[in-house]
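>>> compute the structure for the input listed below.
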Amino acid sequence: MAFAGILFDVDGVLVDSPHERAWRETLDELMRGPWKDLAAQSLYTPARFDTAVYQELVAGKPREDGARAALEYFGVPNAAALAAEYAAAKQAKILGLIQEGAFQAFPDALRFVLAVRDMGLPMAVASSSRNANELLARIVVPEPMPGLRPDPLGKEPGTTLVDLFDANVCGRTFPRGKPSPDIFLGAAAELGVQPEAALVVEDATSGVQAAKAGGMWALGVARLGDAELLRAAGADLVVESLDEVDRDALARGTLARVKKAA
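Okay, here's the model as predicted:
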């Protein structure tokens, strides 16, 4: 069966966002400040909150779920009760970073999205982050994009990344967060696509698990050296850059890597 639609996560897939930085800096500020006594009772050190911890426990999850998972990992007392405070402080931090412009689109993601759009495949963005829309709306798609022919579908100068998608469920409330498939099932429904004909593009293990739980195909983007984690989560193909995806194969309904020249 050919792919009838493609669903994209945002943070780590389309946008090099400041989410990880915000989670890490916020917890450090809390541990050095109002939670100083709790820090002494926990396993937390700044060095322990590395990218691997972020990717495995926080990335892709609803905000309070990620906050609770991080606090529980570090053995912070009363983690469940403190998750809301941590999540709110992180939100304030990331809003400041967004205002500062501390993010950018991944060039390979822009090329891939425009190529998929050129194929005529419907696309949706599906992130649990309530900040995703603001990030996408602040990224103006370069004109022209190197390596692509002029857009036949009428992309106007000044088009932002959020404008390129046919459906958008970012930040919407669903009964369950990733790794449950609710957000992707909702996005597929808005596109009018059956789950088995949908391809999810994700960088987090929880997102890959959500795609597979929904009966969808999963393309893992291992930008942080976590290819094995994504494969273990069930990704059908794992790449380090979306430029590695064979676009001709994709148009035929197959996931394949671009063959390297001999």
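
>>> show me where pLDDT drops low in the stretch 151-262 of the chain?
Low-confidence segments of the stretch 151-262 of the chain (pLDDT under 70): 151-157, 261-262.

>>> how about the strands of it, start to end?
167-168, 198-202, 217-221, 237-239 (DSSP state E, counting those that start in this stretch).

>>> would you turn those strands into JSON lines with mean neighbour count and distance to K259?
The way it works is simple: take the backbone N, C-alpha and C, and place the C-beta from them, glycine included. JSON lines is the format used below for the strands of the stretch 151-262 of the chain (neighbours: other C-beta atoms under 10 Å; distance: least, C-beta to C-beta, whole Å):
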{"stretch": "strand 167-168", "mean neighbour count": "18", "distance to K259": "32"}
{"stretch": "strand 198-202", "mean neighbour count": "27", "distance to K259": "20"}
{"stretch": "strand 217-221", "mean neighbour count": "26", "distance to K259": "17"}
{"stretch": "strand 237-239", "mean neighbour count": "20", "distance to K259": "13"}
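
>>> now distance to F174 too, for these, in a markdown table please.
Compiled in a markdown table, the strands of the stretch 151-262 of the chain are given as follows (distance: least, C-beta to C-beta, whole Å):
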| stretch | distance to F174 |
| --- | --- |
| strand 167-168 | 14 |
| strand 198-202 | 15 |
| strand 217-221 | 18 |
| strand 237-239 | 26 |
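
>>> which of those strands sits closest to N78?
Put simply, out of the strands of the stretch 151-262 of the chain the one that sits nearest N78 is strand 198-202, at 31.7 Å, with distance taken as C-beta to C-beta.

>>> and the helices in the stretch 151-262 of the chain?
In the stretch 151-262 of the chain, the segments counted as helices under DSSP state H, counting those that start in this stretch are 182-191, 205-213, 227-233, 247-251.

>>> export the ones you listed to CSV and tack on distance to L219 and mean neighbour count?
Rendered in CSV, the data for the helices of the stretch 151-262 of the chain read as follows (distance: least, C-beta to C-beta, whole Å; neighbours: other C-beta atoms under 10 Å):
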stretch, distance to L219, mean neighbour count
helix 182-191, 13, 23
helix 205-213, 9, 26
helix 227-233, 9, 17
helix 247-251, 9, 16
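
>>> of these, which is nearest A22?
Taking those one by one with C-beta to C-beta, helix 205-213 is closest: 17.9 Å.

>>> show me the one of the strands of the stretch 151-262 of the chain that comes nearest K90.
With C-beta to C-beta, the closest approach to K90 among the strands of the stretch 151-262 of the chain belongs to strand 198-202: 21.1 Å.

>>> looking at the strands of the stretch 151-262 of the chain, spot the one closest to A251.
With distances scored as C-beta to C-beta, the stretch of the strands of the stretch 151-262 of the chain nearest to A251 is strand 198-202 (11.8 Å).

>>> got a list of what D236 touches?
Contacts were defined as C-beta atoms under 8 Å, 6 or more residues apart in numbering; by that measure D236 touches 217-219, 255.

>>> K178 too?
For K178, the contacting residues are 60-62, 128, 204, 206-207, 209-210, taking C-beta under 8 Å, 6+ apart as the criterion.

>>> ok, now A187?
With contact taken as C-beta under 8 Å, 6+ apart, A187 is in contact with 7, 124-126, 167, 169, 198.
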